[in-house]
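*Asks:* Mind folding the following:
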Amino acid sequence: MKFFVTLAFICSFLFSHGLFYEAKEGKAIIINANFTKSVPAAYAKIEIFEGDSALAFVNSRMDSKGNFAFLPQSAGTYNVKITAGSDHGEHIKEFKIDVANDFEIAKFEQPVFQKYFGALSAIGIIFGIFGVLSLIKSRKKDN
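*Replies:* Numbering: from 1, shown residues only. Next up is the predicted model:
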């Protein structure tokens with residue numbers, strides 16, 4: 001029993017986080033950034049560059065819920081850089097948003113792993129459970 005309590009305690013430190021983001025349309029283009037589903041990247045620094053410009057079109061901070069809205073000046077590509085700090089360092093994400101002539105999002109870069117994160121997590125948990133069960137079964141055979 002002590003083994004399982006120790007294992008559970010050690011595994012609790014393995015839960016890490018990254019910086020996840022999404023962009024959606026409303027009355028403006030709304031960008032949301034979170035460390036996990038329930039932990040927003042509150043007051044994260046956000047910089048938005050129009051096209052290949054070296055000067056930021058927008059240089060601001062997100063709100064307490066990790067949201068930021070902006071109105072693009074014109075159609076084109078906007079490069080977004082989000083910098084969020086956590087207890088173990090800075091997390092930086094850069095992505096592009098293509099804005100159409102009607103000021104709606106034509107295309108938005110979303111990491112592939114972000115789309116399948118839930119499924120991959122479930123598969124990992126299943127493998128972990130079967131690994132622990134196999135370990136228990138092999139120990140019983142040895143005794």
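*Asks:* What count of nearby residues applies to Asn101?
*Replies:* Other residues near Asn101 number 9, with proximity taken as other C-beta atoms under 10 Å. Yep, even glycine has a C-beta here, placed from its N, CA and C like the rest.
*Asks:* Ala41 too?
*Replies:* For Ala41, the count of nearby residues is 27 (other C-beta under 10 Å).
*Asks:* contacting residues around it?
*Replies:* By C-beta atoms under 8 Å, 6 or more residues apart in numbering, Ala41 lies in contact with 19, 33-35, 62, 66, 82, 84, 91.
*Asks:* separation between it and Gly26?
*Replies:* 19 Å (C-beta to C-beta, to the nearest Å).
*Asks:* likewise Lys65?
*Replies:* Distance, Lys65 to Gly26, using C-beta to C-beta: 14 Å.
*Asks:* the more surrounded of the two?
*Replies:* Remark: of Lys65 and Gly26, Lys65 carries more neighbours, 12 against 7, as counted by other C-beta under 10 Å.
*Asks:* Please verify my assumption that the more buried one contacts Tyr43.
*Replies:* No - under the criterion of C-beta atoms under 8 Å, Lys65 makes no contact with Tyr43, lying 10.1 Å away.
*Asks:* any weak-confidence spans in this protein?
*Replies:* The chain contains residues with pLDDT under 70 at 1-17, 111-115, 117, 143.
*Asks:* any idea which residue sits dead centre in it?
*Replies:* Phe20 (1.3 Å; C-alpha atoms, centre = their mean).
*Asks:* Mind listing the residues bridging to it?
*Replies:* When assigned by DSSP bridges, Phe20 has beta-bridge partners Asn34.
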